[in-house]
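Q: how would this look folded up:
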Amino acid sequence: MPPSDASTQPDNLGAADPRLALYLPHRPNGLAQLVDDPRADTLIAANSNHWRKIVTLLSKITSPAAEDWRRFRDDALFGQTALCFTPQLLKIDGWHWIGGKDNLQRFEGLSHDARPLDRCPGVAIDPDRRLLLTPYPDYRQLSNALVSRIREELAQHGFYARSGHTHR
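A: Residues are numbered from 1 along each chain as shown. Predicted coordinates:
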């Protein structure tokens with residue numbers, strides 16, 4: 001079967017009102033089949049190592065307990081997060097994570113006051129807009145040290161204090 005045109009593919013994968021939405025410029029293979037049952041293991045199996053890295057970094061940053069990111073990835077990731085493939089921020093109560101400078105440029109007219117995060121090259125945060133800007137989610141760009149620092153910053157803004165997903 002020929003690959004589907006991106007315009008006929010879903011724009012999001014995961015929770016309808018996520019705690020955090022990660023915006024990426026490319027869709028994974030098998031996206032249409034994943035929408036009804038979004039699972040990290042299925043996404044990883046249908047795609048390259050590149051997508052395993054993305055899903056792992058998403059898990060490491062969003063897992064309520066840093067050391068439990070594997071269980072979170074396998075059991076709860078897409079119940080609390082979403083991957084988004086269009087350059088418009090979702091209307092959600094959660095955080096928005098835009099990965100990559102080139103990807104950020106797709107968001108025309110996005111106003112924000114993101115400030116560089118200390119000790120985190122290429123990472124900026126706008127807590128009022130709940131906006132996290134980072135290099136593209138890859139291990140070379142987002143080391144474990146950077147992930148830990150991002151987690152510290154998100155924790156300071158109450159990201160992990162929320163049990164489940166509640167609205168303010």
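
Q: and the strands in the chain?
A: 12-14, 20-23, 81-84, 95-99, 115-116, 124-126, 131-134 (DSSP state E).

Q: ok, residue 10 to residue 45 distance?
A: In this structure, residue 10 and residue 45 are 18 Å apart, going by C-beta to C-beta, to the nearest Å. Any C-beta I mention is one placed from the backbone N, CA and C, and that applies to glycine too.

Q: centroid-nearest residue for the protein?
A: For the chain, the residue whose C-alpha lies nearest the mean C-alpha position (C-alpha atoms, centre = their mean) is residue 22; its distance is 2.5 Å.

Q: centre of the chain to the worst-scoring helix or strand of the chain on mean pLDDT, how far?
A: Among the helical and strand segments of the chain, the one scoring lowest on mean pLDDT, DSSP states H and E is helix 31-34, with a mean of 91. Put simply, helix 31-34 sits 17 Å off its chain's centre (C-alpha atoms, centre = their mean, to the nearest Å).

Q: same question for stretch 71-82.
A: Chain-centre distance of stretch 71-82: 11 Å, with C-alpha atoms, centre = their mean.

Q: now swap in stretch 20-33 and tell me
A: For stretch 20-33, the distance to the chain centre is 10 Å (C-alpha atoms, centre = their mean).

Q: could you work out the end-to-end span of that stretch for me?
A: 22 Å (C-alpha to C-alpha, to the nearest Å).

Q: quick one: buried residues of that stretch?
A: 20, 21, 22, 23, 24, 25, 27, 28, 31 (16 or more other C-beta atoms under 10 Å).

Q: mind putting those into CSV with distance to residue 72?
A: Converted to CSV, the buried residues of stretch 20-33 look like this (distance: C-beta to C-beta, whole Å):
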residue, distance to residue 72
20, 12
21, 16
22, 14
23, 20
24, 19
25, 25
27, 23
28, 19
31, 22
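
Q: next up, the contacts around residue 22.
A: Going by C-beta atoms under 8 Å, 6 or more residues apart in numbering, residue 22 touches 54, 58, 81, 82, 83, 84, 97, 99, 137.

Q: quick check: closest non-adjacent residue to the residue nearest to the centre of the chain.
A: Ranked by C-beta to C-beta, 6 or more residues apart in numbering and with sequence neighbours excluded, the top spatial neighbour of residue 22 is residue 97, at 4.7 Å.

Q: that neighbour contacts residue 18, doesn't it?
A: No - Residue 97 lies out of contact with residue 18 (C-beta atoms under 8 Å); the separation is 10.2 Å.

Q: still on that earlier bit, Throw the contacts of residue 22 into TSV and include neighbour count and pLDDT, thanks.
A: Listed next are the contacts of residue 22 as TSV, based on neighbours: other C-beta atoms under 10 Å; pLDDT from 0 to 100:
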residue	neighbour count	pLDDT
54	22	96
58	26	98
81	28	98
82	25	98
83	26	98
84	22	98
97	25	98
99	23	96
137	23	94
